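Undergrad: Have a look at this prediction, sequence included:
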Amino acid sequence: MTEEFTVQGHRISDLAERFGTPMYLYDGDVLRDVYTNLRGGLHPGVDIFYSAKANPNVSICAVLRSLGAGIEVSSLTELITARKAGAGPQEIIFLGPGKSAAELDACLEHGIHAIVCESLDELTTLDALKPPADVRVLLRVNPAFTAKGALLSMGGKPRQFGIDEAAVRGSADLLKSLKHVRPSGVHAYMGTRILKAESIVENTRGILAMAGELSSALGFPLDTVDIGGGLGVPYFENEKDLDLAETVTGVNAAVQDFLERRPGTRIITELGRYLVGWSGTYVTRARYVKESMGEWFVVADGGTNHHMAAVGIGSFVKRNFPIRSLTRYNEPAVQQYNITGPLCTPNDVVGKSVALPQVRPGDLLGVQRSGAYGPTASPVHFLSHGYPAEVLVLDGEAHLIRSPDTADDLLARQHLISL
């Protein structure tokens, strides 16, 4: 008998029958283990904030919040999600390069821990709102030094994020002119998908040193320093797991050095992909298997409309996420297949030349390590397919945490004009 993939004792065939496909399936045990392993190793002076952008499902946020994570948000809806997930105001920070007036107002209304300002103009805009004196504002700084090891750089080069370090150093007069806002910390985020411990440690030391220098030079306190994160998840061949022990040892040493000189500063690391990426599997069902000019294709019921990350956003070279047959989980590979979805575009290819056991119509396939940047970072409305179901298995029980879109859902916000 073919042995199939299971999650906490649930057979994938049973979950697919109950919730339908395509779906995102999250293993709550993995979600917890990743967080607790990291939390257990990190310096107690470092607070972990979950970057909701990686997977903003309220139940995913709630699980991480229940473990002690704060939540970093970048939109009004993410802010509301964080509150619904149980995060108190002081466990939320808000960042993003283009906050709306409504979002700034919401930050003030909820009294969150910090608003991260990403431009000097945003500082003056916030000042004009006359926020209460206790509102904490962090300056997001684009450092002058180059990011190390990031497969997608967010700082250390021309970017729309944050304020160039040189501009911050030259902002003394502007900061003095503000009547209601006084910076009280620094935020920097160098990049994402970093898989080398020494790079994360070097980035951390650089950010902490820069924060201290800016505070001293410009005369603002350092209540909070956000050292970013960027811990990566290996997806592709030849990528190795991040050495977590080496990472936390180096980060802890850097943080300890800093806190000995500046005790009382709250250190935050914000992580999204690393916390949730491992736990998720994108599950699709093969509809058709066919050969075209010497290549085999599996046409599945879901594709890049739900998993754009698997196409390699930001990558020049298309490589495959780990893809397995969930129906024949332990059978050896016998054939290479191109795994495609239902879209009417040749670009709807989730995996090319994937070595798999024989695939038959009706088989279930899984794109693993897919807990981050899934449906909410994908063109889910292309061809009006809508969102897939999302299922979380927690403490042995399978929960539907997002219903799949229906045709009525997709049409509900459209308006038919009279002709």
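TA: Sure, I can see it. Numbers count the residues shown, from 1 in each chain.
Undergrad: can we go C-alpha only for contacts and neighbour counts from here?
TA: OK.
Undergrad: Which residues does stretch 283-299 contact?
TA: Contact with stretch 283-299 is made by 21-25, 300-302, 336-342, 359-367, as judged by Cα atoms under 8 Å, 6 or more residues apart in numbering.
Undergrad: Drop anything exposed from those residues.
TA: The neighbour-count criterion (16 or more other Cα atoms under 10 Å) marks 21-25, 300-302, 336-342, 359, 363-367 among the contacts of stretch 283-299 as buried.
Undergrad: Inside strands: which ones of the contacts of stretch 283-299?
TA: Members of the contacts of stretch 283-299 lying in strands (criterion: DSSP state E): 23-25, 300, 336-340, 364-367.
Undergrad: Quick one, grab the pLDDT at the residue nearest to Arg193 when sequence neighbours are not counted.
TA: Using Cα to Cα, 6 or more residues apart in numbering and skipping the chain neighbours, the partner closest in space to Arg193 is Gly232 (3.7 Å). With respect to pLDDT, Gly232 has a value of 93.
Undergrad: for Asn238, same thing?
TA: Listed pLDDT for Asn238 reads 84.
Undergrad: Now name the helix or strand holding it.
TA: Assigned by DSSP states H and E, Asn238 falls within no helix or strand.
Undergrad: can you give me the helices in the protein?
TA: Assigned by DSSP state H, the chain shows helices spanning 12-19, 28-41, 58-67, 76-84, 101-110, 120-128, 165-169, 172-177, 197-218, 244-261, 273-276, 407-411.
Undergrad: Buried residues, the second one. List them.
TA: Translated: helix 28-41. Gly28, Asp29, Val30, Leu31, Arg32, Val34, Tyr35, Thr36, Leu38, Arg39.
Undergrad: right, and the residue nearest to Arg193 touches Gly191 too?
TA: No - if you go by Cα atoms under 8 Å, Gly232 and Gly191 don't touch, sitting 9.8 Å apart.
Undergrad: Would you mind measuring from the residue nearest to Arg193 to Thr247?
TA: 11 Å (Cα to Cα, to the nearest Å).
Undergrad: quick one: contacts of stretch 370-383?
TA: By Cα under 8 Å, 6+ apart, stretch 370-383 touches 24, 26, 53-56, 272-273, 276-282, 304-309, 343, 386-388.
Undergrad: Would you mind listing where the protein has pLDDT under the threshold?
TA: Scanning the chain for pLDDT under 70 picks out 1-2, 147-152, 154-155, 311-318.
Undergrad: Name the single longest strand found in it.
TA: The chain, longest strand under DSSP E: strand 280-292.
Undergrad: Using PDB, list the CA coordinates for stretch 136-145.
TA: Presented in PDB, the C-alpha positions along stretch 136-145 are these (Å, rounded to 0.1, in the frame of the first residue of the first chain):
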ATOM      1  CA  ARG A 136       7.400  56.400  20.400                       C
ATOM      2  CA  VAL A 137       8.900  57.100  16.900                       C
ATOM      3  CA  LEU A 138      11.700  55.100  15.400                       C
ATOM      4  CA  LEU A 139      13.800  56.200  12.500                       C
ATOM      5  CA  ARG A 140      14.100  53.600   9.800                       C
ATOM      6  CA  VAL A 141      17.600  54.100   8.600                       C
ATOM      7  CA  ASN A 142      19.100  52.900   5.300                       C
ATOM      8  CA  PRO A 143      22.600  52.200   6.500                       C
ATOM      9  CA  ALA A 144      25.700  53.400   4.700                       C
ATOM     10  CA  PHE A 145      27.200  50.000   5.000                       C
END
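Undergrad: when you give positions from now on, start the count at 776
TA: I'll keep to 776 as the first residue from here, and by that count the last item is stretch 911-920.
Undergrad: List the buried residues for that stretch?
TA: Going by neighbour count (16+ other Cα under 10 Å), the buried part of stretch 911-920 is Arg911, Val912, Leu913, Leu914, Arg915, Val916, Asn917, Pro918.
Undergrad: Which of those fall in strands?
TA: Short answer: the buried residues of stretch 911-920 in strands (DSSP E) are Val912, Leu913, Leu914, Arg915, Val916, Asn917.
Undergrad: okay if I get these as a markdown table plus distance to Lys1065?
TA: Output for these, formatted as a markdown table (distance: Cα to Cα, whole Å):
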| residue | distance to Lys1065 |
| --- | --- |
| Val912 | 57 |
| Leu913 | 55 |
| Leu914 | 55 |
| Arg915 | 51 |
| Val916 | 52 |
| Asn917 | 50 |
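Undergrad: Please give me every residue in contact with the most centrally placed residue in the chain.
TA: By Cα atoms, centre = their mean, the chain has its centre lying nearest to Ala829, at 2.2 Å. By Cα under 8 Å, 6+ apart, Ala829 lies in contact with Gly1047, Arg1048, Val1051, Ala1147, Tyr1148, Gly1149.
Undergrad: I'd like the distance between it and Tyr1049.
TA: Distance from Ala829 to Tyr1049, counting by Cα to Cα: 9 Å.
Undergrad: Now the closest residue to Pro864 other than its chain neighbours, what are its backbone angles?
TA: Computed as Cα to Cα, 6+ apart, the closest residue to Pro864 that is not its neighbour in sequence is Ile887, at 4.2 Å. Phi and psi for Ile887, reported as degrees, to the nearest 10, are phi -70, psi 170.
Undergrad: Could you report the neighbour count for Ile887?
TA: By other Cα atoms under 10 Å, the residues close to Ile887 number 20.
Undergrad: Likewise for the one 5 residues further on?
TA: As a burial measure, Cys892 scores 29 neighbours (other Cα under 10 Å).
Undergrad: Leu898 is in contact with that one, correct?
TA: Yes - Cys892 is in contact with Leu898 according to Cα under 8 Å; the separation is 6.2 Å.
Undergrad: residue contacts, Leu1034?
TA: Residues near Leu1034 by Cα under 8 Å, 6+ apart: Thr1040.
Undergrad: So Ala1061 versus Gly937, what's the distance?
TA: Counting by Cα to Cα - Ala1061 and Gly937 are separated by 44 Å.
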